[in-house]
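> Compute the structure for the input listed below.
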Amino acid sequence: MKQSVNIPNAPAPIGPYSPAIIAGNQLFVSGQIPLNPLDGTFRNGNIEEATTQVMENLKHLVEAAGFHMNDLVKCSIFLKDLANFTAVNEIYSGYFEETPPARETVEISRLPMDAIIEISCIAIKA
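From the prediction side, this is the model:
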């Protein structure tokens, strides 16, 4: 059985998908781009601002589902420019108090709304 997680602290989906799905003790969070959920602004100006917005969106979804950032076991990061790898890592690492999740980071030619970053994740409650 699966349950959709739709909360006010995350951007509304821009397509036919759920922002997150709970299935048993697992949480699957759809890719998040740098949309500010409070005012709908697209924070795509620089990689630091964009990464912070994406991570905040993920955090709000994870917490709304009753999970914690330390429950994350896998993340996928999609970057428009892999030259931003170090800047993304600096911000990303600040969201994990314990062992960070497994992940891959790939450069991709285009993302929804021409975002410069998108991150999805999977969490498991022990």
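> Residue ranges in the chain under the pLDDT threshold?
For the chain, applying pLDDT under 70 flags the ranges 7-12.
> what about the helices in it?
With helices called from DSSP state H, the chain shows them at 47-64, 85-92.
> Mean neighbour count, the ones you listed: which tops it?
Comparing the helices of the chain by mean neighbour count (mean count of other Cβ atoms under 10 Å), helix 47-64 comes out on top with a mean of 20. All C-beta spots, glycine's among them, are computed from the backbone N, C-alpha and C.
> how far does it sit from the chain's center?
6 Å (Cα atoms, centre = their mean, to the nearest Å).
> okay, the angle between it and helix 85-92?
With axes from the mean of the first three to the mean of the last three Cα atoms, to 10 degrees applied, the angle from helix 47-64 to helix 85-92 works out at 40 degrees.
> Identify all contacting residues around helix 47-64.
With contact meaning Cβ atoms under 8 Å, 6 or more residues apart in numbering, helix 47-64 is reached by 5, 7, 9-11, 19-20, 27, 29, 32-37, 43-44, 68-69, 71-72, 81, 84, 87-88, 91-92, 95, 115-119, 121, 123.
> Much appreciated, bye for now.
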